[in-house]
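pasting a predicted model and its sequence here:
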Amino acid sequence: MLHLPRCVHVSLHAAHEMINPGIDRTTPVIVQGITGRAGQLHSRLMRQYGTNVVGGVSPKKEAGSVNGLPVFADCAAAVQATGACASVLLVGAFDLLHAMEDAIAAGIRYLVTPTEGMPVHDALKARALCRNAGAVWIGASTPGMAVPGEAKLGFLPDDALMPGPLGLMARSGTLSYEAGYRLAQRGVGTSVWVGVGGDPVKGTRFADLVPFYAAESRTKALLIIGEIGGTDEEEFAQALAARKFDKPAFALVAGRSAPEGVMMGHAGALVHGAHGTYAAKRAALESANVEVFNSLNEMVEGVASRLRHQRRPRGGGDPGERDS
């Protein structure tokens, strides 16, 4: 039986199971859509970071290679030849569901889908497909995920990926890049970074990952970067309380000054009455003992200060080396 390093098979229907987004540099990864412009670029950049990209899939262009990686006609052939158990799907929005079905049928149980604009009905089918198969789906409309110092799936910027004690989840890609970079400049690295994506129908939500971060030994504190609209942050607060999460938790919620009744950029940024507003999210988070910051600058300074204090030995003195 093929050994699949760090590829976790989970059942999302079983309450005792836990979604584990962890990977490492040995996890064998394929790129679906590798012959496209994005596939060629990001397969190369992921390999440069250290990700174990072992091949790619292109139903329109079998055989040959891209960036020295073999190209296969479908996921079944790729898995048989390489032992891949994770896939980054860089295909068009209307092709994404079919590509996910191909990956699941081949036994891949870790899917990252950066593509924006996936039709909602396709996303609903994809979510049911992944849950029934016990697969981890990060996306849609995600920049990806990373275990800094080990591997990344997607296109999170390298200069924001410093190993450290802070778990990071975000709905917004670009805001999380800036946050990760500024935190790294202040000496605060991340343990596991997951971009859950901004679409209303997604494979993994903030709340789903609370048990993982509670148990993850490298994670000493948790930061979410949310935004107005939807109920992700409220669900996250409920999950923290239900889990009795005992690590420091922080949040930055974008959209505090957004005018009411204006459609925001992300598909998930929809406000319905009092639900999804900045005030509702802040109240829910604070009720779960989450420290909510008013701005990016305030968040960076606050998190850096709190973690520096947390690392300081009893009795004061030099806090010593940074956690990694």
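Thanks, I have it.

A106: what's it in contact with?
The contact partners of A106, by C-beta atoms under 8 Å, 6 or more residues apart in numbering, come to D74, C75, A76, A78, V79. Placement of C-beta: from N, CA and C, glycine included.

show me what contacts the second one?
In this structure, C75 makes contact with I30, Q32, V57, A84, S87, D102, A103, A105, A106, I108, judged by C-beta under 8 Å, 6+ apart.

nearest to F236, of the contacts of A106?
C75 (32.5 Å; C-beta to C-beta).

how far away is that closest one from C85?
11 Å (C-beta to C-beta, to the nearest Å).

who touches both of the two?
The contact lists of C75 and C85 share I108, where a contact means C-beta under 8 Å, 6+ apart.

show the buried residues in the contacts of C75.
Among these, those classed as buried by 16 or more other C-beta atoms under 10 Å are I30, Q32, V57, A84, S87, D102, A103, A106, I108.

hmm, which two among these are most spread apart?
The widest separation within those (C-beta to C-beta) is 12.3 Å, between A84 and D102.

in the stretch 151-300 of the chain, which ranges drop under the pLDDT threshold?
Applying pLDDT under 70 to the stretch 151-300 of the chain flags the ranges 257-275.

all helices of it, in order?
173-185, 210-215, 232-243, 278-287, 296-311 (DSSP state H, counting those that start in this stretch).

same list (those helices) but as a markdown table, adding mean neighbour count.
Below are these laid out as a markdown table (neighbours: other C-beta atoms under 10 Å):
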| stretch | mean neighbour count |
| --- | --- |
| helix 173-185 | 19 |
| helix 210-215 | 20 |
| helix 232-243 | 21 |
| helix 278-287 | 18 |
| helix 296-311 | 16 |
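
element containing V88, please.
strand 86-89 (DSSP states H and E).

quick one, helices of the stretch 1-150 of the chain?
Under DSSP H, counting those that start in this stretch, the stretch 1-150 of the chain gives helices at 37-49, 75-82, 96-105, 120-133.

contacting residues around the residue nearest the centre of the chain?
Centroid-nearest residue in the chain: V194, 2.1 Å away (criterion: C-alpha atoms, centre = their mean). V194 sits next to P21, I138, M145, L168, M169, A170, T204, L209 when contact means C-beta under 8 Å, 6+ apart.

among these, which ones are buried?
Buried, going by 16+ other C-beta under 10 Å: P21, I138, M145, L168, M169, A170, T204, L209, out of those.

which of the residues you listed sits closest to M118?
Looking across the buried ones among the contacts of V194 and measuring by C-beta to C-beta, the closest to M118 is I138, at 13.0 Å.

that closest one touches T113, doesn't it?
Yes. Shown here, I138 and T113 form a contact pair, counting by C-beta atoms under 8 Å, at 7.3 Å.

most surrounded residue in the contacts of A106?
A78 (28 neighbours; other C-beta atoms under 10 Å).

so what's that one closest to, chain neighbours aside?
F72 (4.1 Å; C-beta to C-beta, 6 or more residues apart in numbering).

and the pLDDT for that neighbour?
On pLDDT, F72 comes in at 96.

can you count the residues close to it?
26.

hang on, it packs against A81?
Yes. Under the criterion of C-beta under 8 Å, F72 makes contact with A81 at 6.7 Å.

overlap in contacts of the two?
G55.

ok, the spatially closest residue to G203 that is not a sequence neighbour to S58 distance?
Leaving aside its chain neighbours, G203 sits nearest to W137 (2.7 Å; criterion: C-beta to C-beta, 6+ apart). For W137, the distance to S58 equals 21 Å [C-beta to C-beta].

S287 too?
49 Å.

can you check F206 too?
In terms of C-beta to C-beta, F206 sits 34 Å off from S58.

more crowded one of these two?
F206 (25 against 21).

right, and that one touches D232 too?
Yes. F206 lies in contact with D232 (C-beta under 8 Å); the separation is 5.1 Å.
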